[in-house]
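1. 3D, please:
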Amino acid sequence: MGVDQLSRTFSALADPTRRAILAKLMSGEATVKDLAAPFAISLPAISKHLQVLEKAGLISRGREAQWRPARLKATALAPAADWIDDYRRFWEKSFDALEHHLTSEMKGTTDD
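-> From the prediction side, this is the model:
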């Protein structure tokens, strides 16, 4: 059984280091060395994180001489954002219904 794209995306986003890498890439492309700078982990460890992000389709990696700059592919986050947005709308509707119920109850108790 294969892993669907949404699962790959959320799996990649589950790690705080990978989320920090994506945040850094929002400023533009960066090398492994640039991305590793704020972390107390090795370059090979950062490279493994980049592989996970690349397999999830969240980044792309180029080739410029000996450099392999990474760049964010923000459009790959759209399906995850859409999925989350469905639940946001559900909760907003539920909270609106609760607010209406509580407001109705408050009005009902003050009219006595």
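
2. give me the low-pLDDT residue ranges for the protein?
-> Under the criterion pLDDT under 70, the flagged ranges of the chain are 1-3, 65, 109-112.

3. Please report how far the residue positioned nearest the centre of it lies from Leu6.
-> Centroid check for the chain by Cα atoms, centre = their mean gives Leu13 as the closest residue, at 5.1 Å. Remark: distance between Leu13 and Leu6 (Cβ to Cβ, to the nearest Å) = 11 Å. Backbone N, C-alpha and C define where each C-beta goes, glycine included.

4. Common neighbours of these two, please.
-> Common contacts of Leu13 and Leu6, defined by Cβ atoms under 8 Å, 6 or more residues apart in numbering, comprise Ala80.

5. could you point out which element follows the helix or strand harbouring Leu6?
-> Here Leu6, judged by DSSP states H and E, is contained in helix 5-13. Per DSSP H and E, the first helix or strand lying C-terminal to helix 5-13 is helix 16-25.

6. Quick one: residues in contact with that next one.
-> By Cβ under 8 Å, 6+ apart, the list of residues contacting helix 16-25 reads 12-13, 30, 34-35, 38-39, 41, 46, 49-50, 52-53, 58-59, 70-72.
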